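Undergrad: Okay, predicted coordinates and the sequence, questions at the end:
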Amino acid sequence: NETVDEERWNDLVYPKEHNSRGEFVHSSCLMYNVSWNDSSVINNTLPPPTMSCIYGYEYDRSYYDRTPVTEQNWVCEKELYGTNVFAFVRVSEVCGTFILGQLGDRIGRLPVYLFSILTAIVGRVFAAWSASHYWLFALLAFIGSFSTNTSFQSPLIILMEISKDANRASLSLWQLVGWTSGICIAPLILWWMRDWFWFMILTSAPCILFYCFPQYNIESPRWLASQGRYGECLVQLRKIATINGRPLDLTEDQLRALIPRTEQEQTYGIASLFGGWHMSKLTSLLLLSWICNTIPTLTLFLMSLQMGGNPFLNNFWQGAVELPAYLLGQICCDRIGRRFTNSGAFLGATLACIPIVLLIHQPGHDLYVTVLAIVVKFFVCVTYFALYLQSVEMYPTSLRQTGTSFGIIVSNVFGAAGPYIVFLGTNYDIRLPFVVMALIGLIGATTSIFLPETLHQKLPETLEEGRRFGREQRFWTIPSRPATKTGPNRADADADERELEKLNKTTADTGDSGGGLVHQTPSR
């Protein structure tokens, strides 16, 4: 009997084909459908016919013990199953952001946030048990991703609406530090567990802890006041004051007198974002910028699974690069403004894609390609930081969550193309996703430069203020910090003193006997 080595055996059993890197390798899905006693095959007079593999599949388990793909054989004829689930997730985020984003401006930021956490827990935990039933799994993945954006967005908007103008970029940075920590830790946990099922449970169930601290779950006082709900606004202000250890001696009548009286504005959800030429232009430019940010973000995440090396470390480094990107984003946003930071970062991402296209087919350059992909991710994260600030700061209070959500909605519609862009790279030419990202970055750099600057600008409160926002700005102007007598902190102190005087005057005018607010700083 003749012994056949593994390579010779593979040549006898599997046909060869070109993979996405241009390499001529054995097929992963086809086998020869022949009897080796056939003289035409032995004499090479006819090419051997092929058929789909019928004896199952052998998976590379270097990094995973179990995934939905290996567990349910979502390969070959079913290769699009996994891609379709990613697309369903993006569509889910679109639907959830569309519905919950508008609800945030109608029923409040806090109810939307609490509902978002609940749907994420239920969808993800039950999806882990249902992979053997594809359409049920897809439905539960849809539910689990329905509130992905609003669970992150709602608390950020509350934070922005209770913060001083000078602190908005810093506070946004701290939220993103938490985000970055999570996406860095997650791949390391999966690397350790090697099992997708327990990973889903471990990363979903603990979210129930967000319901365990109701004293820290507050509604936006600014939003409540804009709805004329002064009593509830005062309750939230007192809750904030209590948490900060600062008593607040303010009555509802004093609060009504303190806040300028305006007619209740009638808004029409997303339609109000296109109320007038100027606001329509701002909304359209923001939408294009969101699209140009979201597609590369998702594509890079999925591409990290296709690159050489350890997929967990690839994901870890792509996550770790976000923290310095956000730090740089905050510094640049506070010094040269949101607009130039956003446009410059898009341009940097485009330039970083060019050498990847030139190197990725060259053998022995995996390390360089990985580093350059991380550089692309770095610049994309800088654009995200600037863009999120611009979205929150550009829309009036009554449309702030609707406007921010709409940008995410539209970008996720286009983001659903991300898995298919990766599919092109996997099955045709691995350079194609980077060519697409370079072109998208160029579009993003062009559109974002025409947005108005929001640095040192007061948040617009009314629709009319939103329609006028940025009209008088000159293209090359970077707004300077408001002039102060003794430094930037003096400006904040002066503003606080003016508000104190106003509060105390209101107290005196209403005849309140509880004393003034002489020794405290009002919450914002």
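TA: Looks like it arrived, so ask away. Residues are numbered from 1 along each chain as shown.

Undergrad: Point out where the stretch 251-400 of the chain drops to low pLDDT.
TA: 260-268, 305-309 (pLDDT under 70).

Undergrad: where do the helices sit along it?
TA: Assigned by DSSP state H, counting those that start in this stretch, the helices in the stretch 251-400 of the chain fall at 252-258, 277-303, 311-320, 322-335, 338-359, 366-394, 400-415.

Undergrad: Could you identify which of the ones you listed is most buried?
TA: Burial of those is given as mean neighbour count (mean count of other Cβ atoms under 10 Å); helix 400-415 ranks first at a mean of 26. Just so you know, the C-beta spots here come from the backbone N, C-alpha and C atoms, and that holds for glycine as well.

Undergrad: So which elements touch the helix or strand just after it?
TA: Going down the chain from helix 400-415, the next helix or strand is helix 418-427, by DSSP states H and E. If you count contacts as 3 or more Cβ pairs under 8 Å, 6 or more residues apart in numbering; DSSP states H and E, helix 418-427 packs onto helix 79-106, helix 277-303, helix 432-448.

Undergrad: Could I get the buried residue list for the following helix or strand past the longest one?
TA: Helices and strands here follow DSSP H and E; after helix 79-106, the next one along the chain is helix 109-127. Along helix 109-127, the positions that meet the burial threshold by neighbour count (16 or more other Cβ atoms under 10 Å) are 109-110, 112-113, 115-117, 119-121, 123-127.

Undergrad: residue ranges with poor pLDDT in the chain?
TA: Where the chain drops to pLDDT under 70, the residues are 1-5, 9, 19-22, 35-47, 260-268, 305-309, 479-524.

Undergrad: Okay, domains of it per the record?
TA: As assigned by automatic domain parsing, the chain contains the domains 6-52, 68-227+264-468.

Undergrad: How far does the shortest one stretch from one end to the other?
TA: Right, domain 6-52. In domain 6-52, first residue to last residue: 20 Å (Cα to Cα, to the nearest Å).

Undergrad: now swap in stretch 411-430 and tell me
TA: 24 Å.

Undergrad: can I get the helices and strands packed on helix 418-427 in TSV with distance to Asp11?
TA: Below are the helices and strands packed on helix 418-427 laid out as TSV (distance: least, Cβ to Cβ, whole Å):
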stretch	distance to Asp11
helix 79-106	24
helix 277-303	31
helix 432-448	30
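
Undergrad: Show me the one of these that comes nearest Ala205.
TA: Each of those has some distance to Ala205 by Cβ to Cβ; the shortest is helix 79-106, at 19.4 Å.

Undergrad: buried ones in the closest one?
TA: For helix 79-106, using 16+ other Cβ under 10 Å, the buried residues are 79, 81-90, 92-94, 96-105.

Undergrad: one step back: right, and the domains of the chain - which one's nearest Ala257?
TA: Once Cβ to Cβ is applied to the domains of the chain, the stretch that comes out nearest is domain 68-227+264-468, at 12.4 Å.

Undergrad: first to last residue in the closest one, what's the distance?
TA: 51 Å.

Undergrad: how much space between the residue positioned nearest the centre of the chain and Gly418?
TA: In the chain, the residue lying closest to the centroid (Cα atoms, centre = their mean) is Asn149, at 6.8 Å. In this view, Asn149 and Gly418 are 15 Å apart by Cβ to Cβ, to the nearest Å.

Undergrad: Over to Met303?
TA: Distance of Met303 to Gly418, computed by Cβ to Cβ: 9 Å.

Undergrad: With Phe475 instead?
TA: Applying Cβ to Cβ, the value for Phe475 to Gly418 is 33 Å.

Undergrad: out of these two, which sits in the busier spot?
TA: Neighbours were tallied for Phe475 and for Gly418 using other Cβ atoms under 10 Å; the higher tally belongs to Gly418 (26 against 9).

Undergrad: Pro48 touches Tyr32, doesn't it?
TA: Yes: contact criterion Cβ atoms under 8 Å: Pro48 and Tyr32 qualify, at 4.5 Å.

Undergrad: So for the two, which residues contact both of them?
TA: Residues touching both Pro48 and Tyr32 (Cβ atoms under 8 Å, 6 or more residues apart in numbering) are Pro15.

Undergrad: more crowded one of those two?
TA: The neighbour comparison of Pro48 against Tyr32 (other Cβ under 10 Å) goes to Tyr32, with 18 against 15.

Undergrad: Just confirm that one contacts Asn10, I think it does.
TA: No: using Cβ under 8 Å, Tyr32 makes no contact with Asn10, being 10.8 Å away.

Undergrad: So what's the gap between stretch 381-394 and the chain middle?
TA: 11 Å (Cα atoms, centre = their mean, to the nearest Å).

Undergrad: got it, and stretch 316-335?
TA: Distance, stretch centre to chain centre, for stretch 316-335: 14 Å (Cα atoms, centre = their mean).

Undergrad: With just CA atoms, put it into PDB.
TA: Extracted C-alpha coordinates of stretch 316-335, given in PDB (Å, rounded to 0.1, in the frame of the first residue of the first chain):
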ATOM      1  CA  PHE A 316      -8.300  44.900  20.700                       C
ATOM      2  CA  TRP A 317      -5.900  47.200  18.900                       C
ATOM      3  CA  GLN A 318      -8.700  48.700  16.700                       C
ATOM      4  CA  GLY A 319     -10.500  49.400  20.000                       C
ATOM      5  CA  ALA A 320      -7.500  50.700  21.900                       C
ATOM      6  CA  VAL A 321      -6.700  53.200  19.200                       C
ATOM      7  CA  GLU A 322     -10.000  54.900  19.900                       C
ATOM      8  CA  LEU A 323      -8.900  56.300  23.200                       C
ATOM      9  CA  PRO A 324      -6.000  58.400  21.900                       C
ATOM     10  CA  ALA A 325      -8.200  59.300  18.900                       C
ATOM     11  CA  TYR A 326     -10.800  60.700  21.200                       C
ATOM     12  CA  LEU A 327      -8.200  62.500  23.200                       C
ATOM     13  CA  LEU A 328      -6.800  64.100  20.100                       C
ATOM     14  CA  GLY A 329     -10.400  64.800  18.900                       C
ATOM     15  CA  GLN A 330     -11.200  66.600  22.100                       C
ATOM     16  CA  ILE A 331      -7.900  68.700  22.000                       C
ATOM     17  CA  CYS A 332      -8.500  69.600  18.300                       C
ATOM     18  CA  CYS A 333     -12.200  70.300  18.800                       C
ATOM     19  CA  ASP A 334     -11.500  72.700  21.600                       C
ATOM     20  CA  ARG A 335      -8.600  74.500  19.800                       C
END
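
Undergrad: please begin residue numbering at 566 from this point
TA: Taking 566 as the first residue, the last one we looked at is stretch 881-900.

Undergrad: Contacts for that stretch next, please.
TA: By Cβ under 8 Å, 6+ apart, the residues outside stretch 881-900 that reach it are 734-735, 737-738, 741-742, 744-745, 748-749, 751-753, 865-866, 869, 905-906, 909-910, 935, 938-939, 942-944, 946-947, 949-951, 954, 1020.
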